Structure formats: C-alpha cells, structure tokens
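[1] For reference, the sequence and a predicted model appear below.
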Amino acid sequence: MSTATDAVTLMKQQVGKAAADRVKSGSIVGLGTGSTTAYAIQYIGERIQSGELTDIKGIPTSFQAEVLAKKYGVPLTTLDEVDHIDVAIDGADEVDPNKNLIKGGGAAHTREKVVDSLADQFIVVVDSSKLVDKLGSTFLLPVEVLPMAMTPVMRAIAKLGGKPELRMGIKKAGPVITDQGNFVIDVKFDKIDNPAELEKTLNNLPGVLENGLFVNVTDVVLIGEIKDGQPVVREM
Ligand SMILES: O=C[C@H](O)[C@H](O)[C@H](O)COP(=O)(O)O
C-alpha cells in the first residue's frame with residue numbers, strides 16, 4: 001500500500017462489498033449516496049450481473065445513486081411503487097458510539113433520511129476515520145434550506161449557538177444546489193450534547209427542509225479498517 005489515499009480507498013471498497021454481500025435476492029434496497037456507498041452499489045450490480053442476486057429493486061437517495069445504479073445494472077423503483085424497504089445501505093460523515101450519525105457531506109441527507117428511515121434494516125458503511133466520541137467533533141452539520149429562507153435560518157442558527165456558513169460549489173460559481181434545488185448551510189456546533197433535541201429544533205425552523213443528524217435510525221455500522229496492512233471489516 002503506497003499512500004494514505006490508497007488505504008482509505010481499500011477500506012471503502014471492502015466495507016462497500018461487505019454491505020453488498022448482505023443483500024438477499026428479492027429485496028427492495030435503499031441505495032445511499034457518497035464515495036463509500038458507491039462501492040456497495042457497484043458490488044450489488046456485479047452480484048446481479050453474475051446471476052447470484054435476483055429480483056432486486058433499488059431506491060436511490062440521490063441523482064448520484066441513480067446514475068451509479070444504472071451504470072452497474074441495478075433495477076430501480078420509487079417509493080410510490082413499494083410498501084416497504086428491506087434494507088438501506090448508506091455512508092456517513094460521523095458515527096458516534098450510539099450509532100447516531102452526521103450525514104450530508106454530499107448534500108443528499110434529505111432524501112437519504114426518507115429512504116434510510118423507512119428501511120427494515122439500515123446498514124451504515126464507513127471507514128474508521130468517521131468514528132467520533134461526540135457528533136460535531138470533526139464535521140460541520142449540514143442543513144438543507146429553501147433559498148429564500150437562507151438569511152433568517154442562518155440568524156436563527158446563530159441564536160442557537162451555531163456558526164453557519166453557506167456551502168459553496170467547487171468548479172461552480174455560487175452556492176451548492178441540492179437535488180431538490182435548495183441550498184445547504186453547514187453549521188459548526190461546539191460538540192452536540194443532545195443530537196435528538198437539536199435534530200428537532202433545527203427542523204422546526206421555518207424554511208429548513210432537513211438536517212444531517214440521523215438519530216436512532218441505524219441498525220448496523222460496518223467499519224472498514226486496516227489491520228496489519230490488510231483491509232478488514234468489523235461490525236458495530
Ligand atoms: O450527502 C451525502 C451522504 O450523507 C454521504 O453518505 C456521506 O457524506 C458520506 O459520504 P462518503 O462515503 O463519500 O464519505
């Protein structure tokens with residue numbers, strides 16, 4: 001293994017594959033967003049193409065997931081067509097010891113929360129760098145907001161003790177636009193003591209669509225690590 005980047009890629013691949021291996025034929029599968037889940041979607045597709053996995057229906061959590069599912073041959077459906085989701089696989093930006101999460105590094109947390117919360121089993125796939133003692137330690141909390149409500153929402157967040165900043169595009173002038181056509185405000189909180197309460201408080205601000213706190217939603221966390229130079233996966 002030559003660089004730290006290679007190690008992270010290996011961990012993501014391993015953990016994505018481990019999650020894909022848990023999908024059973026006949027399942028309706030929530031397809032998450034991000035660089036780690038991308039490997040899970042790829043491996044689900046490979047299992048379908050090899051004939052090992054049959055009768056799979058995927059529900060994408062973003063435009064990115066939809067594109068990847070099509071690329072790797074995972075059939076898609078919508079929430080209008082199904083009455084349940086068997087399993088959802090998704091990444092996270094932070095995971096605390098209670099399996100609560102911060103998500104939304106890719107601005108997809110609003111649709112992710114809909115799909116992941118509906119799943120009978122929600123499997124989170126991360127590399128070990130995502131584990132924290134307390135949410136908010138390393139990552140800003142994403143909040144999706146209607147563009148016309150940006151300023152009052154930022155003021156209200158500041159009153160709650162957060163430091164809000166509008167997420168700007170990379171290789172795109174101006175703010176990031178979500179799949180729903182909204183903005184994302186990233187908020188620095190000095191450690192989040194009560195994620196359940198903060199999740200509700202933020203979502204109660206008029207103009208907020210959804211924030212990236214996922215509380216009591218996760219069933220299983222699969223963690224990719226490097227042990228003795230080799231990628232391994234452990235379960236939390
Ligand atoms: O909006 C994006 C999602 O919540 C991702 O699942 C999260 O940011 C983790 O992405 P990655 O696996 O690329 O670190």
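    Cool, the structure landed.
[2] where exactly do the helices run in this structure?
    In the chain, helices defined by DSSP state H lie at 4-21, 35-49, 63-72, 109-118, 150-159, 195-203, listed in chain order.
[3] Columns mean pLDDT and mean neighbour count on top of those helices, output as a markdown table?
    All C-beta atoms are positioned from the backbone trio N, CA, C, and that covers glycine. As requested, the helices of the chain are exported to a markdown table (pLDDT from 0 to 100; neighbours: other CB atoms under 10 Å):
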| stretch | mean pLDDT | mean neighbour count |
| --- | --- | --- |
| helix 4-21 | 92 | 20 |
| helix 35-49 | 98 | 23 |
| helix 63-72 | 98 | 19 |
| helix 109-118 | 98 | 23 |
| helix 150-159 | 98 | 15 |
| helix 195-203 | 98 | 17 |
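[4] can you put the ones you listed in TSV and add distance to residue 90?
    Putting these into TSV (distance: least, CB to CB, whole Å) gives the following:
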stretch	distance to residue 90
helix 4-21	9
helix 35-49	6
helix 63-72	9
helix 109-118	5
helix 150-159	25
helix 195-203	17
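[5] Minimum distance to residue 86: which of these has it?
    Using CB to CB as the measure, helix 109-118 is the one of the helices of the chain that comes nearest residue 86, at 10.3 Å.
[6] now that closest one, how far from the centre of its chain.
    9 Å (CA atoms, centre = their mean, to the nearest Å).
[7] Check stretch 99-106 too.
    Once both centres are worked out by CA atoms, centre = their mean, stretch 99-106 turns out to sit 6 Å from its chain's centre.
[8] Report the separation between the two terminal residues of it.
    In terms of CA to CA, to the nearest Å, the two terminal residues of stretch 99-106 are separated by 20 Å.
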